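>>> compute the structure for the input listed below.
(2 chains)
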There are 2 protein chains.
Amino acid sequence: MRKRFLMTPGPTPVPPEAAVEEAKPIIHHRTKEFRDIFSTVMEDIKIPFKTKNEVYIFASSGTGAMEGAVANTLSRGDKAICIMAGKFGERWGEICRAFGVEVVPIQLEWGETCEPDLLSDTLKKNPDVKAVFTTLCETSTGTLFKIKEFGEIVKEKEDTILVVDAISGLCADNIEVDAWHVDICVAASQKGIMLPPGLAFFSISEKAWRLVEKSDLPKYYFDFKAYKKAFEKQGDTPYTPAVSLIRALRKSLDIIKEEGIDNVLRRHALMAEATRRAIKALGFELLSKYPANTCTAIKYKDGMTDDFRKHLLNKYGVQVAGGQSHLKGKIFRIAHLGYMEKPDVIYTIAAIEMALHDLGMPVEFGKGVVEAEKILKDL
Amino acid sequence: MRKRFLMTPGPTPVPPEAAVEEAKPIIHHRTKEFRDIFSTVMEDIKIPFKTKNEVYIFASSGTGAMEGAVANTLSRGDKAICIMAGKFGERWGEICRAFGVEVVPIQLEWGETCEPDLLSDTLKKNPDVKAVFTTLCETSTGTLFKIKEFGEIVKEKEDTILVVDAISGLCADNIEVDAWHVDICVAASQKGIMLPPGLAFFSISEKAWRLVEKSDLPKYYFDFKAYKKAFEKQGDTPYTPAVSLIRALRKSLDIIKEEGIDNVLRRHALMAEATRRAIKALGFELLSKYPANTCTAIKYKDGMTDDFRKHLLNKYGVQVAGGQSHLKGKIFRIAHLGYMEKPDVIYTIAAIEMALHDLGMPVEFGKGVVEAEKILKDL
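Numbers count the residues shown, from 1 in each chain, chains lettered A, B, ... in the order given. Next comes the predicted model:
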């Protein structure tokens, strides 16, 4: 017997109460039964976004909603700032280019965050920019971006919107869509929402809707207006929704409501702080200069390879993520995200201590766990 | 207690053996464990398509793969024939127009099929057409289209592809992708594949790949080349796949393999024939001039309204679909599709007889069931 701990930044573990919803007999989506579920979900999904506006739901991965944010608000030849300091920031640039949008890059080292002044200066130099695309938590580096400050800057521009990829960050790193003037916020099911992958979400402001009216980029499946119309007219979606995941979503949102979104965020903050302190006590260095509460990216010590991750999984059942692109083999990433709390963090740190010992690295048993306990006793 | 019979053309009932797969603890998709499942699925999904080429999988509804077929093969200003004789044929036209493709419509009455000569003539008059978009079973009318004959016509043109929406028809109405020269065949999970909605599929021929190389329409999430590359290079998908549905897919494909695809098709043919004969014996008229084996569209008799469907559901637990667009309130549609066999058809016909009686329509109990039994005894 080996218990498994999926400590990756998506997919994350699914609470059994939500998982069993998926296995229930399927129902038709053009029925009162489904629409009742859907209307509850459409109300409650606003909670993690902290918005009063609608949040729409696609049957797709998060990347689908990222594409939607580009294709629905911009026109061919428009300029957009993409803040790129990791794999997912760079994805904004790729999508923009695929759609013929001119990218004004804010290119940073992987692991850095973007200072608000840099965004402000870039906007001043490029006053005709229509959108700023950025990330709440850059999953590839475990770095937080300063969305609140970005919002203060972008809100001053009448025809420029702030678009945030909160796919991994939602529920783990605070984002206040309305209060922070985020025009479009994109998320997905398999992270803090605690479901399998297959649903993408986006919130949208009045300001963003004005850009939608002017946009000439082609779209169909991800056409924002079609989702708005279908929900307003018939209380469902223009194309067949992922019924079993929507039902599971109702359950996972119930769990989030019961805990309270600010308690959810506090839990993530404490798990992240416990992880960071424990990892540092074990002599590791963080990759990120401004670490997020979603996941922690940790540099391997000299002499360590990705065999460490394999050993951690095979002997201790703990699955952490590796590095992406040029960071492959150089870092590992521990998520503290979604359906996780004290036992997940404590055991992960203990497993890392034991794995270090197994691989002949110097380690003092309990040194990381002690630091984690100091923090997690308050959770 | 009331047992439910979901006799709609998607979503269709999910076999419990597949449904429980969805509820299993989630696994990460960049692992050997997932890739082993995925490679099995990628091999077995070719079976219902009857193709040796790869069939790729999106996390989306079927419409996503329809958009992909347009955006990946055509360029702005290209011309395409769209055969439109129902809601889903018309969707091809909508997608083409959304992407700036000029539509050469073959517009027919809802319920008609397209004679091969009409396609042949239209192609001759429009020799510069790059693609012909059509439907295997037009779900809104229960009509079959003559894909084999279309394939014979389109294969003669070096730079024109045949694209078939087999979303509702796959596994119920025969399609032989390779033998019939179908260049792109699109399908989805919630029909003959017997899963919840959330997965879309497409097969693609060498000829279609040549058009992909020339296409300049924007795409990202549905970029065919990205899926090909990810599968070839790393054995998975470019964006997070719908892990729980993929696992359920392995199980439903096992069920299809065990029955054998030609037995699956025969079962659907017999269920459809039994339904048509029974319905006619009860004095109904079919809408379609060329009925498919996927679902049967039936005209209401004089004096009947959609209350009939409500009564059928509330008292007898049988859910059939209504008409779409201008056929709303004029027809009802019984699917015989996916995880259904003798009991589903027999009980549905019996329930229709009883419901007719309840609503004061003249009916002879058993008159439809007798006809169904004559056919279904051979299944």
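>>> just checking, residue A:90 touches residue A:83?
No. Shown here, residue A:90 and residue A:83 do not form a contact pair, counting by CB atoms under 8 Å, at 9.9 Å. C-betas here are computed from N, CA, C, even on glycine.
>>> between those two, who's got more neighbours?
residue A:83 (26 against 20; other CB atoms under 10 Å in any protein chain shown).
>>> right, is the strand or helix carrying that one up against chain B?
For residue A:83, the enclosing helix or strand under DSSP states H and E is strand A:79-84. No. Judged by CB under 8 Å from any CB of the partner chain, strand A:79-84 and chain B are separated, with a smallest distance of 13.6 Å.
>>> what's that strand in contact with?
The contact list for strand A:79-84 (CB atoms under 8 Å, 6 or more residues apart in numbering or on different chains) reads A:70, A:74, A:89-90, A:92-93, A:96, A:101-108, A:114, A:119, A:122-123, A:126, A:128-135, A:145.
>>> which of the residues you listed come close to chain B?
Within the contacts of strand A:79-84, nothing lies near chain B by CB under 8 Å from any CB.
>>> what's near enough to touch residue A:348?
With contact taken as CB under 8 Å, 6+ apart, residue A:348 is in contact with A:5, A:7, A:275, A:318, A:320, A:334.
>>> can you give me the neighbour number for the first one?
Okay, so that is residue A:5. Here the number of neighbours of residue A:5 (other CB under 10 Å) works out to 20.
>>> how near is it to residue A:341?
Distance, residue A:5 to residue A:341, using CB to CB, to the nearest Å: 12 Å.
>>> and what of the third one?
If you measure residue A:275 against residue A:341 using CB to CB, the figure is 12 Å.
>>> those two - which one has more neighbours?
For residue A:275 versus residue A:341, neighbours defined as other CB under 10 Å are more numerous around residue A:275 (31 against 14).
>>> which other helices and strands contact the one helix or strand that one maps to?
Element membership for residue A:275 (DSSP H and E) is helix A:261-281. Applying 3 or more CB pairs under 8 Å, 6 or more residues apart in numbering or on different chains; DSSP states H and E, we find helix A:261-281 packed against helix A:46-49, strand A:285-286, strand A:295-299, helix A:342-358, helix A:367-376.
>>> looking at those, which is closest to residue A:221?
In terms of CB to CB, the element of the helices and strands packed on helix A:261-281 nearest to residue A:221 is helix A:46-49, at 22.1 Å.
>>> helices and strands around the closest one, which ones?
Using 3+ CB pairs under 8 Å, 6+ apart as the contact test, the elements touching helix A:46-49 are strand A:184-188, strand A:199-204, helix A:243-259, helix A:261-281.
>>> buried subset of the contacts of strand A:79-84 as a ChimeraX selection?
Remark: buried members of the contacts of strand A:79-84, expressed as a ChimeraX selection using 16 or more other CB atoms under 10 Å in any protein chain shown:
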select /A:70,74,89,90,92,93,96,101,102,103,104,105,106,108,114,119,122,123,129,130,131,132,133,134,135,145
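>>> just the ones of the contacts of strand A:79-84 in strands?
The strands, defined by DSSP state E, take in A:102-107, A:129-135 from the contacts of strand A:79-84.
>>> in the stretch 251-379 of chain A, which residue sits closest to chain B?
Closest contact between the stretch 251-379 of chain A and chain B, by CB to the nearest CB, is at residue A:319 (6.1 Å).
>>> which parts of the stretch 101-250 of chain A sit against chain B?
A:188, A:190, A:196-198, A:217-223, A:239-245.
>>> ok, how many other residues are close to residue A:303?
8.
>>> contacts only, for it.
Applying CB under 8 Å, 6+ apart, the residues contacting residue A:303 are residue A:361.
>>> tell me which element the nearest residue to residue A:15 once chain neighbours are set aside is part of?
Leaving aside its sequence neighbours, residue A:15 sits nearest to residue A:339 (CB to CB, 6 or more residues apart in numbering or on different chains; 5.0 Å). Using DSSP H and E, residue A:339 falls within no helix or strand.
>>> tell me which parts of the stretch 251-379 of chain A are close to chain B?
Taking CB under 8 Å from any CB as the measure of proximity, the stretch 251-379 of chain A contacts chain B at A:319, A:321.
>>> how does chain A divide into domains?
Using automatic domain parsing, the domain parsing of chain A gives A:5-10+A:260-376, A:16-258.
>>> please work out which of these is packed deepest.
Comparing the domains of chain A on average neighbours per residue, with mean count of other CB atoms under 10 Å in any protein chain shown, the densest one is domain A:16-258 at a mean of 22.
>>> next, the distance between the ends of that domain.
Using CA to CA, to the nearest Å, one end of domain A:16-258 lies 16 Å from the other.
>>> how about stretch A:229-242?
End-to-end distance of stretch A:229-242 (CA to CA): 18 Å.
>>> so what touches it?
The contact list for stretch A:229-242 (CB under 8 Å, 6+ apart) reads A:29-30, A:34-35, A:38-39, A:42, A:54, A:56-57, A:59, A:198-199, A:221, A:223, A:226-227, B:10-11, B:61-64, B:188, B:190, B:196-198, B:242, B:245.
>>> tell me which of those fall in helices.
Among the contacts of stretch A:229-242, the residues falling in helices (DSSP state H) are A:34-35, A:38-39, A:42, A:226-227, B:62-64, B:245.
>>> and those residues, which is closest to residue B:252?
Closest to residue B:252, out of all of those and judged by CB to CB, is residue B:245, at 9.8 Å.
>>> my guess is that closest one contacts residue A:195, does it?
No. Look at residue B:245 against residue A:195 with CB under 8 Å: they stay out of range, at 11.8 Å.
>>> chain neighbours aside, what residue packs nearest to the most centrally placed residue in chain A?
The centroid of chain A falls nearest to residue A:168 when counting by CA atoms, centre = their mean (1.5 Å). Of all residues not flanking residue A:168 in the chain, residue A:139 sits nearest, at 4.2 Å (CB to CB, 6+ apart).
>>> just residue A:227 next, same as before
Closest residue to residue A:227 apart from its sequence neighbours, by CB to CB, 6+ apart: residue A:56 at 4.3 Å.
>>> residue A:152 too?
That would be residue A:181: by CB to CB, 6+ apart, it lies 7.2 Å from residue A:152.
>>> distance of the one you found relative to chain B?
Going from residue A:181 to chain B by CB to the nearest CB, to the nearest Å gives 26 Å.
>>> before we move on, what about residue A:134?
Note on residue A:134: its distance to chain B, by CB to the nearest CB, is 18 Å.
>>> can you check residue A:86 too?
Counting by CB to the nearest CB, the gap from residue A:86 to chain B is 16 Å.
>>> try residue A:202
Remark: distance between residue A:202 and chain B (CB to the nearest CB) = 13 Å.
>>> quick check: bridge partners of that residue?
For residue A:202, the beta-bridge partners are residue A:56, residue A:186 (DSSP bridges).
>>> then residue A:321?
Beta-bridge partners, per DSSP bridges, of residue A:321: residue A:333.
>>> that one contacts residue A:295, doesn't it?
Yes. Between residue A:321 and residue A:295 there is a contact under CB under 8 Å: 7.5 Å.
>>> who touches both of those two?
A:9, A:333-335.
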